[in-house]
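1. Sharing a sequence plus its predicted fold:
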Amino acid sequence: MASLDINDVTKFYALRDGQRFEALGCVNLSIGEGEFVSIVGPSGCGKSSLLRIVAGLEEPSGGEVVFDGIAVAGPSSRRGMVFQEYALPPWKTVAQNVELGLKFRGVPPKERAQIAQRYITLVGLQGFEHRYPRELSGGMRQRCALARTLANDPDLLLMDEPFAAVDAQTREILQEELLKIWGGHLTPQRRKMVLFVTHSIDEAIFLSDRVVVMSSRPGIIKEVFTNPLPRPRADESRSSPVFLEARDHLWGQLKSETLKAISQAVED
Amino acid sequence: MRRWRRLLSLLALLSIWQAVAGYVLPSRSPDAATLLPPPTAVVGAFIDLLKNGVILSDAAASLHRIVIGFALAAAAGILAGAVMGWWPAIGRLVDPLVEFLRPIPPMAWIPLGLLWFGIGDAQNIFIIFLGAVYPIVINTYTGVRGVERTLVWAAQTLGGRRWQILCEIVLPGAFPLILTGLRIGLGVGWMALVAAELVGASSGLGFLIEDSRNLLFTERVLLGMVVIGLLGFLMDQVMRVAQRRLVAWAER
């Protein structure tokens, strides 16, 4: 039974002039089993920083992240992460990339190849096993990165604006594929926990069970919105009245924060 | 066409050299002719030394030393650069030392090398090592530090341990710069070797030059210089090809 609790997490950086740069205020959030939670917020609100803290890549300045009853002290393969920039080493083929986590964990080569093949097929990259990342489109690269993370079978999937760098059409297709892979049609017990950071309100509504709205810097949680959009979701969901209502509401919440973030950026 | 033009400039140089050294200088004085023999005399010296095997054994001696010295410098340089770059605490400790020693030209070590190792291979290899090692350390260090942060993050969240990430992500990612360091190191090492052989060897191309100068065989001095230049050029070409082949992924 996996669980994630973010307790009073704060983050600030020391600036050269001795001042503090506050990235995150005080964040509290719990994610239940099989839950898909998105975080939306204006640029610079610390949402990516929060995700890295949950991953164990950054230490919080205060508070703690508790995963499965244990305080997070560093990165772990049980908390897999997908990055906006794909983070695929260009000298490794698709198959080598997908096998990487298994190799790190000491899975023997033969088994490694079998598992990798299964996930390559799952994300629709069969036939591209021996291609290098530069030979793939942005959408295919992100599929490869997703397969690599899933091959480790993590309990928690952290996604940092994974579809921000692909075009709008590909983005919608990838969202649908992600839901299919995650198991939008399954019972929550059979799904992984997902924490998904995005700029896009539409993406958050289409994907998640709950949407967390963050304030401009220093980021605190402004609202946790429980998404009434029924599952399973498909293309039609995007034009349903429930979807549009949710979008209006979230945009109302986010607009004032975005305006604040813009004026902050001007000041900086 | 461009290749043609480059050959043309070389040909022009050779003709002027031949004209000056073959006709102008001998008509002035016999001493001047000794100072600069014509290309034909250099070719003659080449044929002579090829027949008695001197040029081959001297080239072999020099190559033997550069191979050993360069291999040692590559091993030590990559290791030191990787450790300094991947464990910043060690890097901060060692960096001032490297920065202090680096500006000392390898040639400045020759007297000390002679005291420590005497005349011969050990001294020459020591000087090659000192010439080659710094570019390799610095480039490896820079390469390791420059590996994309998200690649390391991704590897960490995939469960990689620190040394696994070093082997799978950081060293391959730094490889283009490591190869650049090796190429520069080989060039500097070759120059350092010739300098070391001028004063501290009884074989090798540097020794051939110095020995021929003592005997006033100027055409052999020039021959030695040409062979040193050619071998250096060839080694650099080999490194260039290796660079292109091995890091094709780094090209956009």
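-> Looks like it arrived, so ask away.

2. from what I can see B:A192 touches B:P135, true?
-> No. B:A192 is beyond contact range of B:P135, at 11.5 Å (criterion: Cβ atoms under 8 Å). Where C-beta positions appear, they are placed from N, C-alpha and C, glycine not excepted.

3. secondary structure class for the most centrally placed residue in chain A?
-> Compute the mean C-alpha point of chain A, and by Cα atoms, centre = their mean the closest residue is A:M159, 1.7 Å away. With DSSP: H, G, I helix; E, B strand; the rest coil as the basis, A:M159 sits in strand.

4. what's the answer for the one 3 residues further on, then?
-> Here A:P162 is coil, with the state taken from three-state DSSP.

5. Return the residues in contact with it.
-> Going by Cβ atoms under 8 Å, 6 or more residues apart in numbering or on different chains, A:P162 touches A:V82, A:F83, A:Q84, A:Q142, A:A145, A:L146, A:L174, A:F196.

6. Shouldn't the third one be within a strand?
-> No. When the secondary structure is assigned by three-state DSSP, A:Q84 falls in coil instead of a strand.

7. Hmm, A:V166 and it touching each other?
-> No. Taking contacts as Cβ under 8 Å, A:Q84 lies outside contact range of A:V166: 9.8 Å.

8. do the helix or strand harbouring A:R118 and chain B meet?
-> Here A:R118, judged by DSSP states H and E, is contained in helix A:109-122. No. Helix A:109-122 lies out of reach of chain B by Cβ under 8 Å from any Cβ of the partner chain, never closer than 12.5 Å.

9. which other residues reach that helix?
-> The contact list for helix A:109-122, computed with Cβ under 8 Å, 6+ apart, reads A:94-95, A:98-99, A:102-103, A:107, A:126, A:128-129, A:144, A:147-148, A:150-151, A:181.

10. redo that, cut-off 7 Å
-> Helix A:109-122 is contacted from outside by A:V94, A:A95, A:V98, A:E99, A:L102, A:K103, A:Q126, A:E129, A:A147, A:L150, A:A151, A:I181, using Cβ atoms under 7 Å, 6 or more residues apart in numbering or on different chains.

11. cool, and stretch A:86-100?
-> Stretch A:86-100 has contacts (Cβ under 7 Å, 6+ apart) with A:112-113, A:116, A:119-120, A:125, A:128-134, A:141-142, A:144-145, A:147-148, A:151, B:150-151, B:153-154, B:158, B:168-169, B:172-173, B:249.

12. count of residues packed around A:V66?
-> Counted with other Cβ atoms under 10 Å in any protein chain shown, the neighbours of A:V66 add up to 15.

13. State the three-state secondary structure for the closest residue to it other than its chain neighbours.
-> Counting by Cβ to Cβ, 6 or more residues apart in numbering or on different chains, A:V66 lies nearest to A:D5, which is 4.4 Å off, once chain neighbours are set aside. Three-state assignment for A:D5 (three-state DSSP): strand.

14. What is the burial count for A:D5?
-> Look at A:D5: counted by other Cβ under 10 Å, it has 16 neighbours.

15. Check whether it really touches A:G32, as I assumed.
-> No. If you go by Cβ atoms under 7 Å, A:D5 and A:G32 don't touch, sitting 10.2 Å apart.

16. Among the contacts of helix A:109-122, name the buried ones.
-> A:V94, A:A95, A:V98, A:E99, A:L102, A:K103, A:E129, A:A147, A:L150, A:A151, A:I181 (16 or more other Cβ atoms under 10 Å in any protein chain shown).

17. Tell me the one of these nearest chain B?
-> Nearest to chain B among those, counting by Cβ to the nearest Cβ, is A:K103 at 7.4 Å.

18. Local confidence estimate at that closest one?
-> pLDDT, A:K103: 97.

19. Which residue, neighbours along the chain excluded, lies closest to it?
-> That would be A:R112: by Cβ to Cβ, 6+ apart, it lies 6.3 Å from A:K103.

20. number of nearby residues for that neighbour?
-> A:R112 has 21 nearby residues by other Cβ under 10 Å.

21. Which residues are in contact with whatever residue of the stretch 101-250 of chain A ends up closest to chain B?
-> Using Cβ to the nearest Cβ, the closest approach of the stretch 101-250 of chain A to chain B is made by A:G101 at 3.6 Å. For A:G101, the contact set (Cβ under 7 Å, 6+ apart) comprises A:S77, A:R148, A:A151, A:N152, B:L158, B:G159.

22. doesn't B:L158 make contact with the first one?
-> Okay, so that is A:S77. Yes. Shown here, A:S77 and B:L158 form a contact pair, counting by Cβ under 7 Å, at 5.9 Å.
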